[in-house]
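Enquirer: Build me a model from this:
(chains A and B)
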Amino acid sequence: MHLHSQLSLTVGQHSRAGLKDTNEDCIGMRIPDQPALTIKGAVAVIADGVSAAEAGKEASEMCVRNFISDYYATPDAWSVKTSGQKIVLALNRWLVGQSQIKGHVSTLSALILKSQTATIFHIGDTRIYRLRKGFFECLTTDHSISINQDTVYLSRAMGMDNHLEMDFQQFDIEQGDFYFLSTDGVHDFVSPKEIHQEIENSTDLNESCLCIIDKALSNGSADNLSCQLVRVEALPDANNQEVYQKLSDQPFPPPLCVGQSLDGLVVQKILHESPRSQVYLVKNPEGKRLILKTPSVNFDDDPAYIERFFLEQWIGKRIDSPYVVKIVEPEKKSALYTLMEYVDGLTLEQWMKENPKPDIKEVVRLAEMMSRGIRAFHRKDILHQDIKPDNILLSIGGVPKIIDFGSCYAAGVEEIETPFDREQALGTAVYSAPETRFRLRKTKKSDLFSLALVIYEVLTGQLPFGDQLEKLKDQRKLSSLKYRSAIQFNPMVPLWMDQALQRALSPQPELRHEAMSEFIFDLQRPNSKYKKPSFVPLSQRNPLKFWQTFSFIQAVIILAFLYYYCR
Amino acid sequence: MSEVGLNLLKVKEPKIKMLHVSWFAFFLTFVVWFNHAPLIGFIKEAFDLTTQEVKALLILNVALTIPARIVIGMMVDKFGPRHVYAGLLLATGVLCTAFALSQTYEQLALFRFLMGFVGAGFVIGIRLVGEWFPAKEVGVAEGIYGGWGNFGSAAAAMLMPTLALMFGGENGWRYALICTAVVAFVYGLVFFKVARNTPKGSTYFKPKKSGGLQVSSKKDLYFYLAMNIPMYIALAVLTWKLSPENLGLLNDFAASFIYVGLVVLFFVQTKQIFNANKEHLAQPVPELQQYKFKQVAILQLAYFVTFGSELAVVSMLPLYFLETFEGLSAVTAGLLASGFAFMNLAARPGGGWLSDKFGRRKTLSILICGLTVGYLVLSQIEGTWWIPLAVIATMCCSFFVQAGEGAVFAMVPLVKRSMTGQIAGMTGAYGNVGAVIFLTVLSFVDYSTFFIVIAACAAVILVAVQFIEEPKGHVAEVNEDGSVELIQVGS
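Expert: You can find the predicted model right below:
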């Protein structure tokens, strides 16, 4: 993962009370240092506290301050959309709560520039304009209702209602773009044309903000006046040489033999070698056993592979769960590799072989812990995408740990542009949800599918669709996948569990459980909805038979008529 | 560096099993591809063919392989090695049976031409082996695959005449051919049952865009285009050979049609190459992605003279022995000729090993030098020679030829890792171009001149090899205490 390309911006802003006593507007910006600039991007926020509300000033300040600080406090792997949504929801809930006592209502318009994408969150009548290639346009819509010429009411704002409808949009940034954020005290009194002219010829953005505000004042604005200007000087990756340089900085270790050492880590055993990577059991100088994963020299000039290898460590370091294996930071690192904690135990694959008839309660316990591991990924907006018995280690104490982050999809990272095509994991044919394989929209439900499949296999030693899933070549044939009841392979499986599995294993994601926890809950106790096999009409159970019967009856009727009339 | 040894007896281990399964598939394709050579004496007699017609058959056999490699490569992308290899083996069985049952020279020629497809099997197995072996073993595994598979032509040379005699009668050779066809067909079914495209439970990634090779500069782009021209020339020469002016297997219309087709194909391919590189070359290529096309071109040339000459010699050697030494039976001639391909078992993997150990350029230079001398010696063989001496000469020569092939393929992955597949394909294609050109030469000149022409080509290529650069990169050094240190060399 490269975090070295730079988005370069110049900014300016100004806010003034104007003719009013207090300034209920609030503005804020942050252009963080690296790596946050690449990972989270730069933020500009403007808010206009509603004067009719008692605490408009507090509300607008709250919005701006919290939006910015909370945004940078969200997990690195979260996408801009996820981060923004969650913060705004929390913020709104708090404001609504406060409004019970004292009206906390404010508009909010936030602009986030990350990598090559701009994201806008907007509610109320503050505005965001964009000047691109001589074309100046307003990107936001005012959420207001005008009763008559003088009276305009805000129809939507922060702190008004628990049900929040926020405008969201994303688009590509271009070099030379200007973004202009303003409150109504400014844009109601200065025409877009004048603003356009001012910023087009601007040399100092702060100066321009002042000029625009002065103009609004002289045009008779009686409100608070605030505006912000952002100019995109350079987009990241304009110089992609640097990206490649960074990626090829660390050499690939050669294939190692038992007894050799790298950075003081002595190879004890070769655990796994494949065309993509090597995995070794090593001992560090303190005698502690660790797992060393090295990239395969097959890919030493493949930037997409190297980035993915970096990403694996990056993700590993950001997930903290007793059910996910931990990344260890080596003391010195002279080459490209990942170091992980050693888990003494078996892979679930081996465990299944040794326990062909496992205790149902034990399986439910494992399922619950595995789901916690997977949820640790999901909380960071990361999909694991490769849940399979080989990627789950069972420690001697019986605690499952998820390993191998090599196929993960991290939404927040995917937003960072690279000059090369990223590798896209399609999972393992036997365990991946169809949408992952066919590169459709993948969600947390895709990991749920894989988890359910693994549990099914642990319970029965069989696969729910036989080899149909593996052989499936065409996404249009999804419905040809026929679920085989787990009970026919293991009579000990309770009916409700089988039904929970069947639902989680629906080929269509929309038919699966909404959340991982719901599935676990269903596994643990009978769900009243499932107890009786629900009635399925014949037309769905066996369409062929249904239509055959239908046609046959029809034919009989037609023949009867024919006979009747010809007689 | 770590010593790599594959324990080939551990058949239980899936990857070793796959290696055996795939080299045997390749072996069979080679048996069938060259099963006509040792029987050519019988065929010549049965159809009362002229020597010119026989030589045309030999060329036809290798012609279609050049375009077939590309087609097979695309099919592997789409359907995976398992389906394609099984399909190829089944098709092989059918085509070979048809060849065996031919009643006229035209039929013989047609089916031999179609059987050129069989020669493209190499590509499939290379992909399969690459999926199963980790980086440190893949070189050895592919060496075994290639070397043992190529041994199939030796096996054909040894077995076919014997089989033909065992069946006896004037149609014995037909039964012998059908035998190999049946084996290939049955093995096609076995292969489908046993082979798997990837190890169980391996994670898939979205396949990278394949298509034209991406080069690093404008200059290299033109170099690349220029290197494609000989392939078209080889096919054009073949067409000319078959046209009314020469053998008359094609009429005027068909010949013109093929010429036009070749020109069109050339422009289509050129356009594709341009398209694949247009965006890529618009900005300077990052250093990590750079490589010199020169390296590819030299490897292509080296393979031209090594594998190209091997295919040509394997095709003509039984006939050559039969015609040069009086009183030899077809069986003995076949057996003696099998000596050439016999060396494959050890020489090809050995060449790779030498190249790893003693430096790329030095090894390749010495091997090509050796084969130049070897072919010069072969050109001196006369009917008066003591036969064992002649056989030893061919075997010595073939050692250098096949070790040279091994050395070339040991270097292929080092040119540009991420494009290894494409570079291997292009290099392999040049081997077939060599076969077509050398066999065409053979149809004009006598045997002695034929060997001298190969030797002359080799001498020229020896000069070209001097321009090859040792691959650079990070070199790992193992200290006495076993700790690995990484040292950056070159750049």
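
Enquirer: Let me see the contact set for B:Val32.
Expert: B:Val32 makes contact with B:Thr92, B:Cys96, B:Met115, B:Val118, B:Ala156, B:Thr180, B:Ala181, B:Ala184 under the criterion CB atoms under 8 Å, 6 or more residues apart in numbering or on different chains. The way it works is simple: take the backbone N, C-alpha and C, and place the C-beta from them, glycine included.

Enquirer: Which secondary structure element is home to the nearest residue to the second one once chain neighbours are set aside?
Expert: If you skip the residues right next to it in sequence, B:Cys96 has B:Ala181 as its closest partner in space, 3.7 Å away by CB to CB, 6 or more residues apart in numbering or on different chains. For B:Ala181, the host element (DSSP states H and E) is helix B:172-194.

Enquirer: Go ahead and name everything in contact with that helix.
Expert: Residues outside helix B:172-194 that contact it (CB under 8 Å, 6+ apart) are B:17, B:21, B:24-25, B:28-29, B:31-32, B:35-36, B:39, B:42-43, B:46, B:82-83, B:85-90, B:92-94, B:96-97, B:99-101, B:156, B:160-161, B:163-167.

Enquirer: thinking again about what came up before, as CSV, the contacts of B:Val32 with pLDDT and neighbour count would be great.
Expert: Supplementary listing: these in CSV, determined by pLDDT from 0 to 100; neighbours: other CB atoms under 10 Å in any protein chain shown:
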residue, pLDDT, neighbour count
B:Thr92, 93, 27
B:Cys96, 95, 29
B:Met115, 92, 26
B:Val118, 91, 25
B:Ala156, 91, 31
B:Thr180, 95, 25
B:Ala181, 95, 22
B:Ala184, 95, 27
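
Enquirer: circling back to that earlier point, buried sites along the helix holding B:Ala181?
Expert: B:172-174, B:176-181, B:183-185, B:187-188, B:191, B:194 (16 or more other CB atoms under 10 Å in any protein chain shown).

Enquirer: Can you tell me which of those is closest to A:Leu366?
Expert: B:Val194 (34.5 Å; CB to CB).

Enquirer: which residues does A:Glu414 contact?
Expert: A:Glu414 sits next to A:Ser79, A:Arg422 when contact means CB under 8 Å, 6+ apart.

Enquirer: just A:Arg16 next, same as before
Expert: A:Asn23, A:Ile213, A:Asn224, A:Leu225, A:Ser226.

Enquirer: what's across from the residue lying closest to the second one once chain neighbours are set aside in the sheet?
Expert: Right, the one you point to is A:Ile213. In this structure, A:Ile213 finds its nearest non-sequential neighbour in A:Leu225, 4.5 Å apart by CB to CB, 6+ apart. Beta-bridge partners of A:Leu225, counted by DSSP bridges, are A:Arg16.

Enquirer: give me the element residue 128 is part of.
Expert: Reading this off chain A. Assigned by DSSP H and E, A:Ile128 belongs to strand A:127-132.

Enquirer: wrong chain, I was asking about chain B
Expert: Using DSSP H and E, B:Leu128 maps to helix B:121-132.

Enquirer: Mean confidence (pLDDT) on that helix, please.
Expert: In this model, helix B:121-132 has a mean pLDDT of 87.

Enquirer: Return that helix as CSV; C-alpha atoms alone will do.
Expert: Extracted C-alpha coordinates of helix B:121-132, given in CSV (Å, rounded to 0.1, in the frame of the first residue of the first chain):
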residue,chain,number,x,y,z
GLY,B,121,0.7,-28.8,-26.0
PHE,B,122,3.8,-27.4,-24.3
VAL,B,123,2.2,-24.1,-23.5
ILE,B,124,-0.6,-25.8,-21.5
GLY,B,125,1.6,-27.8,-19.2
ILE,B,126,3.9,-24.9,-18.5
ARG,B,127,0.9,-23.0,-17.2
LEU,B,128,-0.3,-25.9,-15.1
VAL,B,129,3.1,-26.5,-13.5
GLY,B,130,3.4,-22.8,-12.7
GLU,B,131,0.2,-23.0,-10.8
TRP,B,132,1.4,-25.9,-8.6
